[in-house]
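S.K.: pasted the sequence and its predicted model underneath.
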Amino acid sequence: MAMSRAIRSTVLGALIAVAALGMTITAASAQEAIQPNQHFIGLVNGSNVDPVVSTVCPGPASLGRTGPVAGGQTMSVAHVANGPGYTGPLSQVYAWFDQDSSGPRPNMLKFTEYGVPQAIPTAVRVPCDGTGQAQFSPCPYLAPCVYGFTPDLVKVRFVNIAV
């Protein structure tokens, strides 16, 4: 009974957050193909409102330190009626965490269907603590691309669980 109440509370909270942002998630079922000219939102660990990404950075904390993400975390894409992301003429969405451009190219996930979470690779290096941004874009990182798409930028909070 308590578990059922907790699940209902979580679902209700997510719906309230979506409504507060003025977005409506369509009845897109899992595995619905991403199509051109659709609005979308990116989700990190099931949320686009200040999601937490756990990191594993043992040892003393220091400013600017990066480390790997903890396993078991996901990114996904949801189809919405009027969200910040827009596919334009494209039929996919890539996702990655923004990082210093002097570093290696970020690990990207490629989505071709809505509602299908993918695991964030544990090789991804992000700040051990603090804030950052996940980018959900129909075009890959720094690749030449077509005109007419809009990325969804999701602010995230990194929390080191190894201290």
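M.R.: Good, I have the coordinates.
S.K.: okay, CA-based contacts and neighbour counts for the rest of this
M.R.: Noted.
S.K.: from the chain's centroid, how far away is stretch 35-50?
M.R.: 7 Å (C-alpha atoms, centre = their mean, to the nearest Å).
S.K.: mind listing what's buried in that stretch?
M.R.: Within stretch 35-50, the residues that qualify as buried are 35, 38, 39, 40, 41, 42, 43, 44, 45, 46, 47, 48, counting by 16 or more other C-alpha atoms under 10 Å.
S.K.: quick one: which of those is nearest to residue 76?
M.R.: Nearest to residue 76 among the buried residues of stretch 35-50, counting by C-alpha to C-alpha, is residue 43 at 5.1 Å.
S.K.: ok, residue 99 - contacts?
M.R.: 106, 126 (C-alpha atoms under 8 Å, 6 or more residues apart in numbering).
S.K.: just residue 41 next, same as before
M.R.: 48, 77, 78, 79, 80, 83, 84, 85, 136, 152.
S.K.: what do you get if the cut-off is 7 Å, keeping everything else the same?
M.R.: The contact partners of residue 41, taken as C-alpha atoms under 7 Å, 6 or more residues apart in numbering, are 77, 78, 79, 80, 83, 84, 85, 152.
S.K.: in ChimeraX, how would I select just the buried ones from those?
M.R.: Here is the ChimeraX command that picks out the buried ones among these, judged by 16+ other C-alpha under 10 Å:
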select :77,78,79,80,83,85,152
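S.K.: done for today, thanks.
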